[in-house]
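Colleague: structure for this input, please:
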Amino acid sequence: MLSRRKYILITGLIALSVLSVFLKKWGSNPWAERERREDHGLIRIDKSAIRPDDGDTFFYKDFIIRILGIDAPEIIHKEHGIFEDQPYGRKAAAMTADVLKKATVVEYLPFQNDKYGRLLAHVFVDEELLAVRLIRAGLAYETISFYGDNGFPELAERILKAAQESPKPPFERPYRWRRKHQKKQ
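Modeller: Numbers count the residues shown, from 1 in each chain. Reported below is the predicted structural model:
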């Protein structure tokens, strides 16, 4: 028969083992497992519920998806203090809208919400990263160099590779343009 001390020790070790497995698998971040396994966790989008906004943002049902890894030129958003289009902004917005409309399958891999409440996510159009398509078209700058891979190293590498292989976009970096043109409210 086990002594009381050994019983408590063994029970405690078993409880710690179970807790450790639980935390490793589910953790406090609901997307933690998806961040490590980029090939899983894609969520298919009902295309009829998409409403394009600009080159790197679109509305889906009752939330806003901001495409991770890129920054596209701005279009007028008076509610955000942007009262004029940045050069190529309408072209980037049109391309994103067109690609989303013509796609057979649109999926996203969520990361987290940003300070504006938008869902940051990698967006796939017919299994290709939308960020890569916009970079190759010269309609977006990559942002991996500034913000890191956000837990998606393989996807970040694809975006960086596209940026290195593509010509530099013909417009000013959107964050610099916003500094000059955005009116603080």
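
Colleague: can you get me a residue count around the residue lying closest to residue 185 once chain neighbours are set aside?
Modeller: Spatial nearest neighbour of residue 185, chain neighbours left out: residue 81 (5.2 Å); criterion: Cβ to Cβ, 6 or more residues apart in numbering. C-beta coordinates here come from the backbone N, C-alpha and C atoms, glycine included. Look at residue 81: counted by other Cβ atoms under 10 Å, it has 12 neighbours.

Colleague: nearest residue to the residue most central in space within the chain other than its sequence neighbours?
Modeller: In the chain, the residue lying closest to the centroid (Cα atoms, centre = their mean) is residue 121, at 2.4 Å. Leaving aside its sequence neighbours, residue 121 sits nearest to residue 108 (Cβ to Cβ, 6+ apart; 4.2 Å).

Colleague: adjacent strands (with direction) for the helix or strand hosting that neighbour?
Modeller: In this assignment (DSSP states H and E), residue 108 forms part of strand 106-113. Partners of strand 106-113 in the sheet, by DSSP bridges, are strand 43-44 (antiparallel), strand 119-125 (antiparallel).

Colleague: beyond the last one, next helix or strand please.
Modeller: Toward the C-terminal end, the helix or strand that comes next after strand 119-125 (DSSP H and E) is strand 128-129.

Colleague: so what touches that following strand?
Modeller: With contacts defined as Cβ atoms under 8 Å, 6 or more residues apart in numbering, strand 128-129 is touched by 69, 122, 123, 155, 158, 159.

Colleague: of those residues, closest to residue 52?
Modeller: Of all those, residue 123 has the smallest distance to residue 52: 11.9 Å, by Cβ to Cβ.

Colleague: pLDDT score for the closest one?
Modeller: We have a pLDDT of 98 for residue 123.

Colleague: check the one 10 residues further on too.
Modeller: Turning to residue 133, the model gives it a pLDDT of 98.

Colleague: wait, it touches residue 98, no?
Modeller: No: the pair residue 133 / residue 98 is not scored as a contact, 10.6 Å apart, by Cβ atoms under 8 Å.

Colleague: return the alpha-carbon coordinates of the strand or helix carrying residue 53 using CSV.
Modeller: Using DSSP H and E, the element containing residue 53 is strand 50-54. Provided in CSV are the C-alpha atoms of strand 50-54 (Å, rounded to 0.1, in the frame of the first residue of the first chain):
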residue,chain,number,x,y,z
ILE,A,50,-17.6,39.6,-48.9
ARG,A,51,-17.7,43.4,-49.4
PRO,A,52,-14.4,44.8,-50.7
ASP,A,53,-13.0,47.9,-49.1
ASP,A,54,-9.5,48.8,-50.2
